[in-house]
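Colleague: what follows is a predicted protein model with its sequence.
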Amino acid sequence: MSSEQLLDLVARFRASVGDHPLGTFIAVLAVLWAVSRLTRARVHIPPRLAIIAASLAIAVYAAIVVWYVSTSSYYDFAEPTVACIAWLFHRGQPIYHSLDAAERYSHMYGPLAFIIPGGFLALVGPSIAASKAVGALAALLSVAAVYALVRSARGNDRDAIALTGVFAVLCLMDRNASFWIRPDSLSLLFASLSLLAAAVVKRGWLAAIAVGICAGVLLNLKLTGPLYALPAFGVLIARFGIAPAIVAATTTAVGAVVPFVTFGNVSIENYLVWVRTSAANGLVFSIFRHNVEWALFLLLPLVPAAFARRWLSLGVIVGVAGVAIAASKPGAGPYHLLPFWPAIIYAIALTGWNATRTAFVTAAVIVASLQQIYFVAITRSADADVAVDDLTRIVRENPNRSIAMGYANAGERSTFVRPLLVFGGQPYPIDAPAVQEFEMSRLDIPSATLDALRRCEVDIWLIPKDARPFDGPNKYPSMDLAPLFPESFKDAFVHAYERDADAGGPRTFDVWRCRRAHGDH
């Protein structure tokens, strides 16, 4: 069997099993029940073996996180977008441009999804590895926070290690959103910290302020962010009563406006425009149904805690229900439920283990294994080093020229190295994922964008090798494969630019130069 056939087989199992954890759980539970009936013995995992397995899970998770940071490019299409806009923010450009601006890159993520990575890049220096380190650090700090949370509930290191290992496995189920440079990794961290603050801080008012700050950060990562803090609010109410929860909610409201009043290039008006525009795209029933399946799987370990820990359980259930609905918009999905895993682990820590939870963890291990085999194989097969080398050489050979990344139906992954251009001070006029979202919202490419093309405001565009510039469909199912870029855009581009046949050497990109300036080279 060839490597391609093996990868295809893994992809099939990943789709049929890895995307359906509830069905996998039911199958595992049936097998465990049958084994116990046949052997007349309860399925039991020795504590020593559980600790070894948990330690291995934590080590594997950390190894995958660190390995991913060391790779040359990104896996998920939104990661280069976040990295680019984060550095644009640091350079003083707006996170949210206006509807009629020539630039086409704004997204409905909250401002801290870009401000936090932008600050980190400014501190350590911009690079692809540094940008991915933001998500990686968030993931590893989440593991530490969950360990401290379980340690506070169980009072011993053995149980803390065991349940932290379960948490690592659960994170590996969610297609690695836990450590990608997306709002999800940061949401996981601050959901963990909010729960830790609510559970361990001894003074009610101090716990309330800490929970409120975390909830404010979550709100400024995603508009649905405060739903991830509801479990922490539940713990806060159970420990200290309603008054601290009101203080926490007030702190959240104050924190919500901080980025918009602190930074001149973060416009609340434009942000709300993009949020309303995206919200108008509606919900997709098939995604909602998938979210419900994952939500039911997530809530399984909560059942024994439902009455014993009413406020915690209520916070989880309401939060999960709200996210399952909100994450049914086009392009979303069950990975949005990721920040609830710390609350599930905490519920297990408070109420103990049972056979159902053994089946739950076994199913999680199966799903996580399929996800990671596929993830590692795809990441290793992407020849990102070639794209990085080509881009670096083109920039070096064209000093004092503005260079931007273009797109096409082919070679999508080669465009993932585009943050290197932005990190080097180059413009970022077009983000394909943003245009895809705008088009689904029935927003046309504005005349200012076409005028910028006709004026050759960018000297050079890099287009995936041997592809027609800006060709290809919008990949959202509701768009029925409509062209991502309209003919008016493509016509304006080919009238203003021509492929440089003399630019020999690049294996990944074609160089398209402004026709007026081509004679200068």
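Modeller: Thanks, I have the structure now.
Colleague: for stretch 23-38, what is the distance to the chain centroid?
Modeller: Centroid separation for stretch 23-38 versus its chain: 33 Å, with Cα atoms, centre = their mean, to the nearest Å.
Colleague: ok, now how distant is the nearest residue to residue 516 once chain neighbours are set aside from residue 31?
Modeller: Nearest residue to residue 516 in three dimensions, chain neighbours excluded: residue 456, at 6.2 Å (Cβ to Cβ, 6 or more residues apart in numbering). Every residue, glycine included, has its C-beta placed from N, CA and C. From residue 456 across to residue 31, the span is 65 Å (Cβ to Cβ, to the nearest Å).
Colleague: name the residue in those two with the higher neighbour count.
Modeller: residue 456 (17 against 13; other Cβ atoms under 10 Å).
Colleague: can you give me the helices for the stretch 301-450 of the chain?
Modeller: 310-326, 341-351, 355-381, 384-397, 419-423, 432-440, 447-454 (DSSP state H, counting those that start in this stretch).
Colleague: for the fifth one, name the packing helices and strands.
Modeller: Other elements packing on helix 419-423 under the criterion 3 or more Cβ pairs under 8 Å, 6 or more residues apart in numbering; DSSP states H and E are helix 78-90, helix 128-154, helix 384-397, strand 403-405.
Colleague: could you tell me the least trusted of these?
Modeller: Lowest mean pLDDT of the helices and strands packed on helix 419-423: helix 384-397, a mean of 91.
Colleague: now tell me what touches that one from outside.
Modeller: Contact partners of helix 384-397, identified using Cβ atoms under 8 Å, 6 or more residues apart in numbering, comprise 71-73, 128, 403, 413-414, 416-417, 420-421, 424, 426, 460, 462, 503, 505-509, 511.
Colleague: which residues touch the residue nearest to residue 77 when sequence neighbours are not counted?
Modeller: Of all residues not flanking residue 77 in the chain, residue 433 sits nearest, at 5.7 Å (Cβ to Cβ, 6+ apart). Applying Cβ under 8 Å, 6+ apart to residue 433 gives the contacts 77-78, 81, 107.
Colleague: in space, not sequence, find me the middle residue of the protein.
Modeller: Taking Cα atoms, centre = their mean, the centroid of the chain lies closest to residue 182, which sits 3.7 Å from it.
Colleague: tally of neighbours for the nearest residue to that residue once chain neighbours are set aside?
Modeller: With sequence-adjacent residues excluded and distances taken as Cβ to Cβ, 6+ apart, residue 182 is closest to residue 78, at 5.5 Å. Residues near residue 78, counting by other Cβ under 10 Å, number 20.
Colleague: can you list the domains in this structure?
Modeller: 45-74+108-351, 384-520 (automatic domain parsing).
Colleague: gap between the shortest one and the chain center?
Modeller: Taking Cα atoms, centre = their mean, one finds domain 384-520 lying 24 Å from the centre of the chain it belongs to.
Colleague: what's the spacing between the nearest residue to residue 74 once chain neighbours are set aside and residue 78?
Modeller: Nearest residue to residue 74, sequence neighbours excluded (Cβ to Cβ, 6+ apart): residue 416, at 4.8 Å. The gap separating residue 416 from residue 78 is 10 Å, by Cβ to Cβ.
Colleague: check residue 321 too.
Modeller: From residue 321 to residue 78 the distance is 25 Å (Cβ to Cβ).
Colleague: go on, residue 65?
Modeller: Distance from residue 65 to residue 78, by Cβ to Cβ: 18 Å.
Colleague: returning to what we had before: distance of the residue nearest to residue 77 relative to residue 79?
Modeller: 10 Å.
Colleague: again, but for residue 170
Modeller: 21 Å.
Colleague: so those two - more neighbours on which side?
Modeller: Legend: neighbour count by other Cβ under 10 Å for residue 170 and residue 79, higher for residue 170 (28 against 20).
Colleague: that one against residue 365, yeah?
Modeller: No: counting by Cβ atoms under 8 Å, residue 170 does not reach residue 365; the two are 9.8 Å apart.
Colleague: mind listing the shared neighbours of these two?
Modeller: By Cβ under 8 Å, 6+ apart, residue 170 and residue 365 have no common neighbours.
Colleague: helix, strand, or coil at residue 98?
Modeller: Assigned by DSSP: H, G, I helix; E, B strand; the rest coil, the conformation of residue 98 is coil.
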